[in-house]
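# Curious how this folds, go ahead:
(one chain, ligands or ions: 1)
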Amino acid sequence: MALLPILVAPDSALKTVSSPISQVDSIVQKQMQDMLETMYMAPGVGLAANQVNVLNRVLVMDCADHRAGEDKTPFCMANPDIIWESEEYSVWDEGCLSFPENFAEIERPARVRVQYIDENNQIQEAEFEGLSSHCVQHEMDHLNGIVFVDYLSRLKKSMIIRKVEKIKKGMDVL
Ligand code: NI
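Down below sits the predicted model:
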């Protein structure tokens, strides 16, 4: 396994609509394992392929609360698709590894049902709520070139982008 560099905004890969994969072969399996390891190390609860500069429709996530003693529950998804969403919405303070140190309240459907191809190339369905619902929708947005700040007002979005640019400059000189 290998740790992958995570892109920090602004970056054209974060604005790109990713391409579907034809099947989860050993190359995609390795990508999923590397992305999981990278996500756990960051640490984060979700990571989309374009955040590590791979432009295919792959995401990984694990929203288990480790501090509360919950076991790891990793999800590896290729070509995820929302097949049902609740009428109720929920608000969550979302962050993103590509926008370090910044959070914003985002409103999304409270529950979603997702169909995807898993790490064994099997079609699966799973339902998510709470943090994991926000997370899977946030990561699926990435695959469509959408980032969470796109939901904010222009003023709030430009404030966050300026803060991230400052952090990015600091990272570049290290
Ligand atoms: Ni993100």
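# wait, isn't Ala110 in contact with Tyr89?
Yes: between Ala110 and Tyr89 there is a contact under CB atoms under 8 Å: 5.9 Å. No exception for glycine: its C-beta is placed from N, CA and C like everyone else's.
# quick one: which of these two has more around it?
Ala110 (18 against 11; other CB atoms under 10 Å).
# Once you drop chain neighbours, what's closest to the more buried one?
Ser90 (3.9 Å; CB to CB, 6 or more residues apart in numbering).
# Can you point out the helix or strand that includes the one you found?
For Ser90, the host element (DSSP states H and E) is strand 89-95.
# got the contact list for the closest residue in space to Pro5 that isn't next to it in sequence?
Counting by CB to CB, 6+ apart, Pro5 lies nearest to Val52, which is 6.9 Å off, once chain neighbours are set aside. Contacts for Val52 were tallied using CB atoms under 8 Å, 6 or more residues apart in numbering; they are 4-7, 34-35, 38.
# show me what contacts the residue nearest to Ala110?
Here Ser90 is in contact with 107-110, 130, 133-134 (criterion: CB under 8 Å, 6+ apart).
# how near is the closest residue to Val114 other than its chain neighbours to Met171?
In space, Val114 comes closest to Pro80 once its chain neighbours are excluded; the distance is 5.3 Å by CB to CB, 6+ apart. Going from Pro80 to Met171 by CB to CB, to the nearest Å gives 30 Å.
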